[in-house]
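Engineer: attaching a predicted model along with its sequence, questions to come.
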Amino acid sequence: MRMKTWQKGLAGTLLLLLIAQASGLSAGLDRWLGDSHWRWAAARRSEPFPPQVVVIGIDDASIRQLGRLRNWSRSLYADLLDRLKLAKAVGLDVLFVDPDERDAAGDRAFTAAVKRHGRVVVAFNQWTVLRPLGQADLAAIKAFSVRLPQVPTQGWPLLQPQLLQPPLPDLVTNAAAFGTADVTADADGVYRQPLLLRSTLEQRLLPHLAVSLAALASGTPLEQVASTPRQLTFGDRQVPHRAGRVLLQPIAVAAGFGRKGGQPVTTISFAEALRAAPQQFAEKVVLVGETAVGTTDIRANPLDNGLRGVELNAEILANLLYLPAVQPLPAQWQWLALLAALAVPLTLFGRQSPKVATVGSLLALALLLGGLEAAFWLGRLLPSWAPVLVGCGGATLLMGLQRLAEENRAKEQVRQSFSLYVSPEVVNEIVNDPQQAHQEGRRQQTAVLFSDIRSFTTFCEQNPPEQVVQQMRTYLGSMADSVTAHRGVLDKFIGDAVMALWGPFLEPDMNPGALAVVCGLDMLDRLDGLNAEWAAAGLPTLKIGIGVHFGDAIVGNIGSDSRMQYTALGDAVNLASRLESNTKELKATFVVSRELRDAAAPALGAAVTFRPVATIQVRNRNTPVEVFEVLRPVTTQEESHHAT
């Protein structure tokens with residue numbers, strides 16, 4: 001079964017959507033548009049970074065004062081924790097997985113400070129590939145796993161316990177909570193919706209450092225944080241997630257970042273923090289991590305591709321605790337927007353002209369995008385722009401191309417059909433405005449001309465067939481040229497007879513009857529020229545009779561499903577034929593009806609004389625027909641001038 005135009009458009013658009021999705025084009029477009037929106041938002045109303053979040057940076061100044069980081073005694077971290085005793089919670093974005101064999105006392109002081117503080121989150125490591133493990137490693141992982149909360153997975157990934165690298169055993173015993181400092185980026189390396197939750201195969205929760213820190217700061221047990229599907233709970237605050245991934249509002253930029261928008265995280269040098277008063281950190285949520293120039297822990301967000309890892313973790317923490325939550329546009333609204341994006345062009349192109357349909361589709365796309373914009377700016381709902389753009393744009397393009405191809409085919413059909421009847425100029429007019437052809441048929445005032453060769457049977461019997469065919473080809477070609485030259489429609493050849501129409505495809509100010517009269521006179525002039533040539537060549541000459549009537553006729557494509565012809569039907573056609581057949585009896589070459597004379601005379605004026613010759617009775621007509629002979633004007637040039 002042949003597919004309809006809208007079905008082809010729908011199938012093609014769905015294929016485009018699948019290709020865009022499979023190739024990553026949709027995801028890339030959504031990422032680019034989302035990043036652009038966040039940058040516009042940051043430039044338009046730059047929100048301050050939540051002051052409750054503070055980063056203690058292991059920066060260049062600290063390294064200059066305290067020496068190379070690898071040589072630091074962990075007692076420095078113990079001193080720092082004592083300075084942070086009034087903080088709500090402290091997250092150590094530094095791995096402590098191996099003991100310091102050179103400074104065991106520093107390890108003990110650090111462990112004691114962690115225990116003494118009571119609100120410290122320690123980072124653990126996650127390997128990406130399995131590694132050889134000894135019995136001591138397996139025992140350490142088992143002891144560490146026991147400290148992790150047991151929470152049924154809500155769709156987030158599972159991890160084999162053997163991939164874990166826990167912190168020092170004393171830290172496992174004394175830390176308040178644990179979290180991984182590593183996060184997953186999008187395909188282009190930018191962190192927009194990091195994975196913050198994983199579980200072991202035994203359903204032990206593996207939270208991100210920021211999740212554990214937010215839970216500790218809000219006083220929410222980790223079991224409760226991840227207990228609700230699609231929501232993370234921190235006190236009375238809920239943050240939506242999708243399979244453990246949380247959409248972030250990018251806000252953090254590195255200090256001194258030149259682009260407008262975004263805010264640097266409040267950062268204090270490690271060395272300076274060692275001298276700070278504890279009250280400076282009261283009720284703060286503190287992250288400790290590297291910020292020195294040259295650190296390899298560089299993470300990009302949509303605002304800044306040079307964030308340090310600890311700054312990104314601070315941004316995640318701010319999103320979990322303080323910034324308005326960002327969530328994806330609900331699926332039902334996204335699907336509704338996509339369906340509208342497909343339905344509007346598919347419907348419009350099936351009912352309207354391509355121009356109107358294109359404008360309507362683009363307006364619909366603008367309205368849909370306006371709705372998505374409103375969702376983002378007013379509701380903090382992050383939509384997927386790509387399906388709407390690809391869907392509406394693809395449907396508009398495909399439907400437009402199909403309609404263009406259909407119109408070109410229709411124009412070619414019109415051109416092929418009407419090139420047999422009218423001049424090339426008129427064909428072009430019909431192609432540009434097919435409605436004027438009235439191909440389905442309509443009743444209109446029409447001048448109908450018939451011409452016929454007298455004694456044609458005798459002519460055929462007395463001359464060789466080849467000569468008859470050659471002379472007829474020359475004669476009919478000349479008559480056809482005359483009809484088209486005078487903007488007539490060459491209806492058909494009926495043997496040696498010519499039938500032509502004036503009325504279809506004429507400008508409103510043109511006179512059909514006058515054009516028919518001028519054409520009839522031109523046909524006689526052309527025949528005189530042909531007869532002169534034939535006589536000079538020793539060939540027989542021809543005589544014709546012409547009859548023209550003006551009246552109502554039904555004009556249009558008439559015929560069967562397999563064979564159609566543009567022609568005219570009705571009394572006007574029959575009477576014109578009767579007039580032509582009476583020319584010999586009336587001893588006149590060119591005759592017309594009173595209706596034709598009355599219609600043409602005002603346009604022709606004195607250039608043509610209509611001489612009354614007879615009143616005849618035509619079969620199937622109740623009233624007699626007054627017949628007039630058309631006498632030649634002085635010049636054909638004057639006739640054409642008066643007709644048009």
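Structural biologist: The structure has been received and is ready for your questions.
Engineer: does anything pack onto the helix or strand hosting residue 82? Which helices or strands?
Structural biologist: In the assignment (DSSP states H and E), residue 82 maps to helix 75-83. When contacts are defined as 3 or more C-beta pairs under 8 Å, 6 or more residues apart in numbering; DSSP states H and E, helix 75-83 sits against strand 89-95, helix 104-117, helix 270-273. From N, CA and C alone the C-beta is placed, and that goes for glycine too.
Engineer: just the ones you listed: most buried one?
Structural biologist: strand 89-95 (a mean of 24; mean count of other C-beta atoms under 10 Å).
Engineer: what mean pLDDT does it get?
Structural biologist: Taken as a whole, strand 89-95 has an average pLDDT of 97.
Engineer: ok, residues contacting that strand?
Structural biologist: Outside strand 89-95, the residues that touch it by C-beta atoms under 8 Å, 6 or more residues apart in numbering are 58, 77, 81, 84, 117, 119-125, 167, 176, 179, 181, 209-210, 212-213, 216-217, 285-290, 309-310, 313, 317.
Engineer: now that strand: how far from the chain's centre is it?
Structural biologist: On the basis of C-alpha atoms, centre = their mean, to the nearest Å, strand 89-95 sits 48 Å off its chain's mean C-alpha point.
Engineer: who's in contact with the closest residue to residue 303 other than its chain neighbours?
Structural biologist: Excluding the flanking residues, the one nearest residue 303 by C-beta to C-beta, 6 or more residues apart in numbering is residue 262, at 4.2 Å. Going by C-beta under 8 Å, 6+ apart, residue 262 touches 42, 46, 250-253, 303-304.
Engineer: so which of the residues you listed comes closest to residue 603?
Structural biologist: residue 42 (75.8 Å; C-beta to C-beta).
Engineer: just give the number of residues close to that closest one.
Structural biologist: 21 (other C-beta atoms under 10 Å).
Engineer: my guess is it meets residue 252, correct?
Structural biologist: No. The criterion here is C-beta atoms under 8 Å, and residue 42 misses it with residue 252 at 10.2 Å.
Engineer: residue 162 reaches residue 129, doesn't it?
Structural biologist: No. Using C-beta under 8 Å, residue 162 is not in contact with residue 129, being 10.2 Å away.
Engineer: which of those two has more neighbours?
Structural biologist: With neighbours defined as other C-beta under 10 Å, residue 162 and residue 129 compare such that residue 162 has more, 16 against 5.
Engineer: just the pLDDT at residue 500, thanks.
Structural biologist: pLDDT, residue 500: 94.
Engineer: helix, strand or coil for residue 305?
Structural biologist: Applying DSSP: H, G, I helix; E, B strand; the rest coil to residue 305 yields a three-state assignment of strand.
Engineer: same check, this time on residue 357
Structural biologist: Judged by three-state DSSP, the three-state class of residue 357 is helix.
Engineer: and the nearest residue to it once chain neighbours are set aside, what does it touch?
Structural biologist: Nearest non-adjacent residue to residue 357, counting by C-beta to C-beta, 6+ apart: residue 348, 3.9 Å away. Going by C-beta under 8 Å, 6+ apart, residue 348 touches 356-357, 360-361.
Engineer: and residue 348, what helix or strand is that in?
Structural biologist: helix 331-351.
Engineer: give the buried residues for that helix.
Structural biologist: 334, 337-338, 340-349 (16 or more other C-beta atoms under 10 Å).
Engineer: now render the helices and strands packed on helix 75-83 as JSON lines, adding distance to residue 151.
Structural biologist: Listed next are the helices and strands packed on helix 75-83 as JSON lines, based on distance: least, C-beta to C-beta, whole Å:
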{"stretch": "strand 89-95", "distance to residue 151": "20"}
{"stretch": "helix 104-117", "distance to residue 151": "24"}
{"stretch": "helix 270-273", "distance to residue 151": "34"}
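Engineer: all helices for the stretch 501-644 of the chain, in order.
Structural biologist: Using DSSP state H, counting those that start in this stretch, the helices of the stretch 501-644 of the chain run over residues 512-536, 571-581, 594-604, 636-643.
Engineer: same question but for the stretch 151-300 of the chain, I mixed them up
Structural biologist: Here the stretch 151-300 of the chain has its helices, by DSSP H, counting those that start in this stretch, at 169-174, 209-218, 222-225, 270-273.
Engineer: let me know which of these is tucked in deepest.
Structural biologist: Ranked by mean neighbour count, the helices of the stretch 151-300 of the chain are led by helix 209-218 with a mean of 28 (mean count of other C-beta under 10 Å).
Engineer: ok so, going back, so which of the helices of the stretch 151-300 of the chain is nearest residue 521?
Structural biologist: Proximity to residue 521 (C-beta to C-beta) singles out helix 209-218 among these, at 97.9 Å.
Engineer: what's the mean pLDDT across that closest one?
Structural biologist: 97.
Engineer: again, but for stretch 278-287
Structural biologist: pLDDT averaged over stretch 278-287 gives 97.
Engineer: repeat that for stretch 327-337.
Structural biologist: 95.
Engineer: same check, this time on stretch 470-485
Structural biologist: On average, stretch 470-485 scores 93.
Engineer: any buried residues in that stretch, and which?
Structural biologist: 471-472, 475-476, 479-480, 482-484.
Engineer: again, but for stretch 269-284
Structural biologist: Across stretch 269-284, burial judged by 16+ other C-beta under 10 Å covers 269-274, 281, 284.
Engineer: quick check, distance from that stretch to the centre of its chain.
Structural biologist: Relative to where its chain is centred, stretch 269-284 has its mean C-alpha point 55 Å off (C-alpha atoms, centre = their mean).
Engineer: same deal with stretch 549-562?
Structural biologist: Distance, stretch centre to chain centre, for stretch 549-562: 44 Å (C-alpha atoms, centre = their mean).
Engineer: ditto for stretch 576-590
Structural biologist: Distance, centroid of stretch 576-590 to centroid of chain: 65 Å (C-alpha atoms, centre = their mean).
Engineer: give me the mean pLDDT for that stretch.
Structural biologist: Rounded mean pLDDT across stretch 576-590 is 93.
Engineer: what does that stretch contact?
Structural biologist: By C-beta under 8 Å, 6+ apart, stretch 576-590 touches 448-452, 454, 497, 499, 520-521, 524, 543-549, 591-593, 613-614, 616, 618-619, 625, 627, 629-630.
Engineer: strands - which of these land there?
Structural biologist: Among the contacts of stretch 576-590, the members found in strands (DSSP state E) are 448-452, 497, 499, 544-549, 591-593, 613-614, 616, 625, 627, 629-630.
Engineer: among those, which ones are buried?
Structural biologist: For the ones in strands among the contacts of stretch 576-590, a burial check counting by 16+ other C-beta under 10 Å picks out 448-452, 497, 499, 544-549, 591-593, 613-614, 616, 625, 627, 629-630.
Engineer: just to revisit the earlier point, to residue 155, which of the helices and strands packed on helix 75-83 lies closest?
Structural biologist: Minimum separation from residue 155 across the helices and strands packed on helix 75-83 (C-beta to C-beta) falls at strand 89-95, 25.4 Å.
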